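# any chance you could fold what I've pasted below:
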Amino acid sequence: MLEGSIPSRPVYGVLEIRPGRLHLMVADAEGAQAILDLAASAPTDFFAGAHVIYLPKKSGDSFVAGLERLAPAQLYVGPSYEAALPRLRRVLAGAHMGLQVYLAGTEGLMGQAMFEATQAGIPHSAIQTEHRGSTVRRVQCVHCKGITEDVTHDPFQCAHCGLHLFVRDHYSRRIAAFQGVRVDAEDPGNIPESVERFR
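Here you go, the predicted model:
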């Protein structure tokens, strides 16, 4: 468990090779390095049964050539999680017994992909996670229920309702987001200075 974390926060490990006919790998940004590290211990034909969904984000093309060299059965490089979601759902819907799921990168990506996988009936024991890269947070405003992606500062202004929110450490696995609560609820207008807490 991460230092200073609380019970609701997921615990991440290190990706390991597991036996299976199909391996679904979903990663964003530096999460690609976790897949490349995994490849170092993979059997020769391992990636012949792998479907890799990768979202470069700010890392650009840094990891794309490395992923291509692995020669996975399928490699999708997309602009956003939303763009990749139909593909992810299609793969999960057509999955057979023994599918192994590997998630790597930011908490927001892993949480959302984990939700999709469990909704599709994939058991938790078949899903691995490894946190790599940014600690930016995906935050749900408890007041308007809107979700703001890539929050770096605390407090921050909700992208949906405009309230200034304190980012709580409470994490909801159901929506794969931390909770944001109005910082000036008891003293309207008294908003502390915003500080960068997540990078």
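
# any idea how far the most centrally placed residue in the chain is from Arg173?
Centroid-nearest residue in the chain: Leu109, 1.9 Å away (criterion: Cα atoms, centre = their mean). Distance from Leu109 to Arg173, counting by Cβ to Cβ, to the nearest Å: 14 Å. Glycine gets a C-beta too; all of them are placed from N, C-alpha and C.

# need the longest strand for the chain.
strand 164-172 (DSSP state E).

# what helices and strands are in contact with it?
strand 137-141, strand 156-157, strand 177-182 (3 or more Cβ pairs under 8 Å, 6 or more residues apart in numbering; DSSP states H and E).

# mind checking the SS state of the residue nearest to Pro43 when sequence neighbours are not counted?
Excluding the flanking residues, the one nearest Pro43 by Cβ to Cβ, 6 or more residues apart in numbering is Ile17, at 7.3 Å. Of the three states, Ile17 takes coil under DSSP: H, G, I helix; E, B strand; the rest coil.

# got a list of what Ile17 touches?
Counting by Cβ atoms under 8 Å, 6 or more residues apart in numbering, Ile17 touches 38, 41-43, 46.

# again, 7 Å this time
By Cβ atoms under 7 Å, 6 or more residues apart in numbering, the contact set of Ile17 is 38, 41-42, 46.

# could you do Ala176 as well?
108, 111-112, 115, 138.

# next: Arg89.
Arg89 touches Glu116, counting by Cβ under 7 Å, 6+ apart.

# likewise His164?
Taking Cβ under 7 Å, 6+ apart, one finds 155, 157, 182-184, 191 in contact with His164.

# pick the most deeply packed of the helices and strands packed on strand 164-172.
strand 137-141 (a mean of 23; mean count of other Cβ atoms under 10 Å).

# any idea of the pLDDT on Pro123?
What the model reports for Pro123 is a pLDDT of 88.

# for it, grab the count of nearby residues.
Neighbour count of Pro123, defined by other Cβ atoms under 10 Å: 10.

# for Gly121, same thing?
10.

# before we move on, which element is it in?
Using DSSP states H and E, Gly121 maps to neither a helix nor a strand.

# can you pull the domain assignment for this structure?
The chain breaks down by automatic domain parsing into domains covering 23-131, 137-196.

# of all those domains, which one is nearest Val11?
domain 23-131 (8.5 Å; Cβ to Cβ).
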